[in-house]
Structure formats: C-alpha cells, structure tokens
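# Everything below, folded, please.
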Amino acid sequence: MISTAPENTSVRLSERDFNVLFREARTHSEWLDRPVEDGLLHQIYGLMKWGPTSANCCPARIVFLRTPESKERLRPALMAGNVDKTMAAPVTAIVAYDPKFYELLPRLFPAMPAMKDMFVKSPEFAASTAMRNGSLQGAYFMLAARALGLDCGPMSGFDNAKVDQEFFPAAAPGTAAADGGFIASGPVKSNFLCNLGYGDRSKLHPRGPRLGFEEACQLL
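Sure, this is the predicted structure:
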C-alpha cells in the first residue's frame, strides 16, 4: 500500500512494502507448483521500463523461458548446482543487453541526436554503458517482480557464451531476434539469469548477514 501524501510531494511506501521489496525478500531455489501467468510478465516489464538509464538508453533485453522445451535449451549452459532449481522454476528470465543500444537512441533520446555518435566513436564507452545500465535494469526487473507478488532467484553460474549462441544468434540490425520478440541492433549478450515464481519459504536457509552503515558507507 502507498501512503497518502499531498499532491506534488514525495510518496513514502509503507513498512510492509519495504519488507516485500527488501527486508523479507529472499533468493529462492525451491518453488511451489504454481504457474506464473504471462500477464504478470508483461506487468514486470511495464514497471521496470520506467527505471532511469543513461540517456534513456534502455539496453536490457529479456527472454522469458516458460516451457519445458525452452528450459531444455538452457540446460547445457547451466552449472550442475543450478540445473534442478532452474528446471523447477515456473519461469526463467535471461536478463541480457544490446551492446549496440545506441542505434535506437535517435528514437529514445531525441533531445540530443548527436548522442549516438559518442558511442559509435568509443566502443569501450558503449560497452561499459550497456553493461552498467543493463544491470541497473536487471535490478529494476527484480523489484518489479517482487512488487507484483513474485519471488526471484537471480543467479550466475552458467556459460554466457553458450546462452548467447543458443538464444541470441546474430540478427540484422534493427530486426527482431531470431525467435521473434524484441528489437536488437546486433548480437545480444546475456548478463544473468533470474528464476521467477512463488518460492517455497519452508525450504529457505537462514539469511546471511549484511554490512552495517559504518562498514559500507561514508558521509563527507
């Protein structure tokens, strides 16, 4: 629930919302036998897309694996410890990014048409921008999923090259990916995986500690 506040002022979420998004949110490996509707996946993207990115570059691209057949395509790329949890999850999202995101900047950031050229001239700048902002969008993705009542199981522990070869073969710039769906300006690269569903909280292990403010922050 969002607390009421006067118009044109900041809105503070409730303590319950903070618990759902942060304090009580856990990384899940065991899942209840409960499907995730496609409509929820649309809603996740509908929320995450509003998170800020540099020059509104929006490099994240997401593939939702919802069927046993699509999961089997992923299996060869997974480390052994990640196979069972992934196969059991109702949905596995491949959170990826478009390294040539800048091809869409004339549309996404029309206020500065020359912005695209900055990235074209500096592949290193483009690569770091894509990875950083794609990761930011991955975090927005998880917060959106939690806000919609889903649990997340983000993970690395897979062969990125195998995932990219299987799911992101080269496509002509500005065309749909080989399997249909999103627009890419070139070969897409995987970042991390995130299982989605309704976690079995009875199987959770004790939560690990976190650093305190004084250990992780500095006031200047």
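# Helices of the protein, start to end?
Using DSSP state H, the helices of the chain run over 15-18, 38-48, 68-74, 80-88, 105-108, 115-121, 123-147, 160-167, 213-216.
# Switch those over to a markdown table; also include distance to residue 194, mean neighbour count and mean pLDDT.
Every residue, glycine included, has its C-beta placed from N, CA and C. A markdown table is the format used below for those (distance: least, Cβ to Cβ, whole Å; neighbours: other Cβ atoms under 10 Å; pLDDT from 0 to 100):
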| stretch | distance to residue 194 | mean neighbour count | mean pLDDT |
| --- | --- | --- | --- |
| helix 15-18 | 21 | 12 | 96 |
| helix 38-48 | 10 | 15 | 98 |
| helix 68-74 | 12 | 14 | 97 |
| helix 80-88 | 10 | 16 | 97 |
| helix 105-108 | 24 | 15 | 96 |
| helix 115-121 | 27 | 16 | 96 |
| helix 123-147 | 6 | 18 | 98 |
| helix 160-167 | 13 | 16 | 96 |
| helix 213-216 | 24 | 8 | 98 |
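# Which of the ones you listed sits closest to residue 202?
Smallest distance to residue 202 across the helices of the chain (Cβ to Cβ): 14.7 Å, for helix 80-88.
# which residues are contacting that closest one?
With contact meaning Cβ atoms under 8 Å, 6 or more residues apart in numbering, helix 80-88 is reached by 29-31, 68, 71, 74-75, 78, 92, 153, 155, 157-158, 193, 195.
# Kind regards, and thank you for your time.
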